[in-house]
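Asker: Pasting the sequence and the predicted model now:
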Amino acid sequence: MDKLRSMIGGREDGEESGLTAQVLDASTLSYSTRVKWFVICFAAGILCSIMATALLFLPNGTKLFAVFYTLGNLAALSSTCFLMGPLKQLKRMFEPTRLIATLVMLLCFILTLCSVFWWNKKPLAIIFCILQFLAMTWYSISYIPFARDAVMKVFTSCLS
């Protein structure tokens, strides 16, 4: 019966499945495997960010700083795909409560790399890295109930 379905679907036995099937197959990891890969990916992100900070103090290390800092943030962000799955992660990233933080964060990733490689503006790259940090923080606390409200109250009380 499977052979008949594959022939009707136009797929040979040895042919690879489509992207959707591969994503669905990837989300069938066991809980312990998901946690292990989350920890590995998140630790790699932290390691890249720490290494980026060390590279900043080298001569002409701003390019390496921007690249490794952005890679570290991308690795930390993608680590949560192992916990909830890639499709659910993408859906939750673009929910209305996180949409602005997600877009600012992704825009800062791109602008950091553009400022270093195409525009050759190193101070601008550092500013975008700071904005990356702030956007990642705001995005991350959106997953904690009432955390954004608490942060807003703290800042408004400090400023007034």
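Answerer: That came through fine. Numbers count the residues shown, from 1 in each chain.
Asker: What residues sit buried inside the biggest helix by length in the chain?
Answerer: As assigned by DSSP state H, the longest helix anywhere in the chain is helix 31-56. Buried residues in helix 31-56, counting neighbours by 16 or more other C-beta atoms under 10 Å, are found at 34, 38, 41-42, 44-45, 48-49, 51-52, 55-56. Glycine gets a C-beta too; all of them are placed from N, C-alpha and C.
Asker: so where is the protein shaky, pLDDT-wise?
Answerer: Residue ranges of the chain with pLDDT under 70: 1-27.
Asker: now the helices: where do they sit in it?
Answerer: Counting by DSSP H, the helices of the chain are 2-8, 19-26, 31-56, 62-84, 86-93, 99-117, 122-141, 147-159.
Asker: Could you identify which of those helices is most buried?
Answerer: Most buried of the helices of the chain by mean neighbour count (mean count of other C-beta atoms under 10 Å) is helix 62-84; its value is a mean of 20.
Asker: Quick check: chain neighbours aside, which residue is closest to Y69?
Answerer: Distances taken as C-beta to C-beta, 6 or more residues apart in numbering put A52 closest to Y69, at 3.9 Å, once the chain neighbours are dropped.
Asker: The one you found touches F68, doesn't it?
Answerer: Yes: using C-beta atoms under 8 Å, A52 and F68 qualify as a contacting pair, with a distance of 3.6 Å.
Asker: Now F128: closest residue in space, sequence neighbours ignored.
Answerer: According to C-beta to C-beta, 6+ apart, the nearest residue to F128 is T112 (4.0 Å).
Asker: For that neighbour, which residues are in contact?
Answerer: Contacts for T112 (C-beta atoms under 8 Å, 6 or more residues apart in numbering) come out as 66, 69-70, 125, 128-129, 132.
Asker: From the centre of the protein outward, give me the first residue you hit.
Answerer: Taking C-alpha atoms, centre = their mean, the centroid of the chain lies closest to L77, which sits 2.7 Å from it.
Asker: For L107, see how far away it is.
Answerer: Taking C-beta to C-beta, to the nearest Å as the measure, L77 falls 14 Å from L107.
Asker: Equivalent analysis for T53, please.
Answerer: Applying C-beta to C-beta, one obtains 22 Å for the distance of T53 from L107.
Asker: Then F146?
Answerer: Relative to L107, and taking C-beta to C-beta, F146 is found at 27 Å.
Asker: And T97, by the same measure?
Answerer: Distance, T97 to L107, using C-beta to C-beta: 18 Å.
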